[in-house]
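> Fold the following.
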Amino acid sequence: MIAFLLAQTIAITGGTVYPVSGPKLENATVVIRDGRIAAVGTNVAVPAGATRIDASGKWVTPGLIDGGGQMGLTEIGLVPGTNDGGLRDSAVAASFNVLEGINPASTLIPVTRIEGVTTTLAAPSGGFIRGQAVLIDLDGRTIEAMLIKSPAGMVVNLNEDSKSAGGGSRAGVAARFRRVLNDAREYARRRNDYSRAQMQPLAASAADLEALQPVLRGEVPVIAVANRRSDIETTLRIAREFRLRLILAGAAEGWMMADQIAAARVPVLLQALDNIPTYDGLGVRYENAAMLGKAGVRVVLLETDTHNSRNLRQQAGNAVAYGMAWDQALRAVTLTPAEAFGVADRYGSLEPGKVANVVVWTGDPFEFSTGVEHVFIRGREIPLRSRQTELMERYRSLPPKY
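Here you go, the predicted model:
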């Protein structure tokens, strides 16, 4: 449950407001009260005693949501002691939830949020069935204060990186995934037999099979990493067989089968800046996001490099440069990820009653030269400071040489 610590009313006035859930509003006002959006519109009265923020000539949007990365789970990539996002030597880790590995004091959090990213998916890394991802806001001294949803998805790797889990073959990976899911079904039917050791060994531990039950019931989505067209087809096939709630991630060759993905009503998480062919995605292209979007796929744009999650808006800007509609790109970093992760009733747009994650920009957020003037997370204004800004200020004026 979200706890709001501030009983404060703020009125952001005079800006061009992009609610995402509706058309843009010129010279509009956004009222924030007790951490929630209280009102949005062109004829909204400013409450008495409200703190006013003049946004004349500025753009106002929801806070951006990054649907990938390991925010709070990694600090220095090459220092193992600062990485808590994955279990070593564990191909099936369905019961692994990254939540208690998150460091609310990570120096990457301020760096990211002062660029307008207010919410991120913290996802497990590693092997085949990687574990449970959680959705967090980038403010709070404790995990409880940051948490939005846990689990937000079960991450499964079905691309070439997981071939070792299938004996070196993609077909082996698919067969193993089916066996784990079938055994999870069997475990649910025969828990008593399992506890008395009166059934054959299963493909995973009791804890992992138990963690898969919400997945089989469709309560928790499978976030499946698949890039090659054939891997995407296999992933869709397995999802149909087991009636899984599926989210595709990566989807480098997704544009080749955009109509099938749209027909399956499966959201896709992807990076618009991916354009380097690999054997896992020889058909990758910059137009991927635009082509999927035009086919009716719900596209979520993301930045998987946690140390550069602040570049999410650059991903969106490049998607626009390669054919995606601007409004669709804004939705792809706000409301669409909120829908994909099942929190659109609280996040992703500027509507009364929703959590007040709001950003005031100097202009188009997808333009490289645009700056951030104000960031609110759960109604609290975030200081635009990070370790990087502090270092810049410290060394802005160098001491004279002697």
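> give me every residue that touches the residue nearest the centre of the chain.
Geometric centre of the chain, nearest residue: G67, 1.6 Å, by Cα atoms, centre = their mean. With contact set as Cβ atoms under 8 Å, 6 or more residues apart in numbering, G67 has these partners: 120-121, 269, 300-302, 337, 340-341. For every residue, glycine as well, the C-beta is placed using N, CA and C.
> Which single one of those is nearest to V30?
Nearest to V30 out of these is P337 (Cβ to Cβ; 20.6 Å).
> And what about that closest one, helix, strand or coil?
P337 carries the three-state label helix when classified by DSSP: H, G, I helix; E, B strand; the rest coil.
> quick one: it from L181, how far?
Going from P337 to L181 by Cβ to Cβ, to the nearest Å gives 26 Å.
> Those two: who's more crowded?
More crowded of P337 and L181, by other Cβ atoms under 10 Å: P337, with 32 against 22.
> Tell me, how many residues neighbour T120?
Neighbours of T120 using other Cβ under 10 Å come to 32.
> What average pLDDT does the strand ranked longest in the chain get?
In the chain, ranked by residue count with DSSP state E as the criterion, the top strand is strand 147-157. Averaged over strand 147-157, pLDDT sits at 98.
> can I get the CA coordinates of the helix or strand following it in PDB?
Using DSSP states H and E, the helix or strand that follows strand 147-157 in sequence is helix 170-189. Output of helix 170-189 as PDB, limited to C-alpha atoms (Å, rounded to 0.1, in the frame of the first residue of the first chain):
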ATOM      1  CA  ARG A 170      16.300 -23.600 -28.400                       C
ATOM      2  CA  ALA A 171      14.000 -26.600 -28.700                       C
ATOM      3  CA  GLY A 172      15.400 -27.900 -25.400                       C
ATOM      4  CA  VAL A 173      14.600 -24.600 -23.800                       C
ATOM      5  CA  ALA A 174      11.000 -24.700 -25.000                       C
ATOM      6  CA  ALA A 175      10.600 -28.300 -23.800                       C
ATOM      7  CA  ARG A 176      12.000 -27.500 -20.400                       C
ATOM      8  CA  PHE A 177       9.700 -24.500 -20.000                       C
ATOM      9  CA  ARG A 178       6.700 -26.700 -20.800                       C
ATOM     10  CA  ARG A 179       7.900 -29.300 -18.400                       C
ATOM     11  CA  VAL A 180       8.300 -26.800 -15.600                       C
ATOM     12  CA  LEU A 181       4.800 -25.400 -16.300                       C
ATOM     13  CA  ASN A 182       3.200 -28.900 -16.500                       C
ATOM     14  CA  ASP A 183       4.900 -29.900 -13.200                       C
ATOM     15  CA  ALA A 184       3.700 -26.700 -11.600                       C
ATOM     16  CA  ARG A 185       0.100 -27.800 -12.600                       C
ATOM     17  CA  GLU A 186       0.800 -31.300 -11.200                       C
ATOM     18  CA  TYR A 187       2.200 -29.900  -8.000                       C
ATOM     19  CA  ALA A 188      -0.900 -27.800  -7.500                       C
ATOM     20  CA  ARG A 189      -3.100 -30.900  -7.900                       C
END
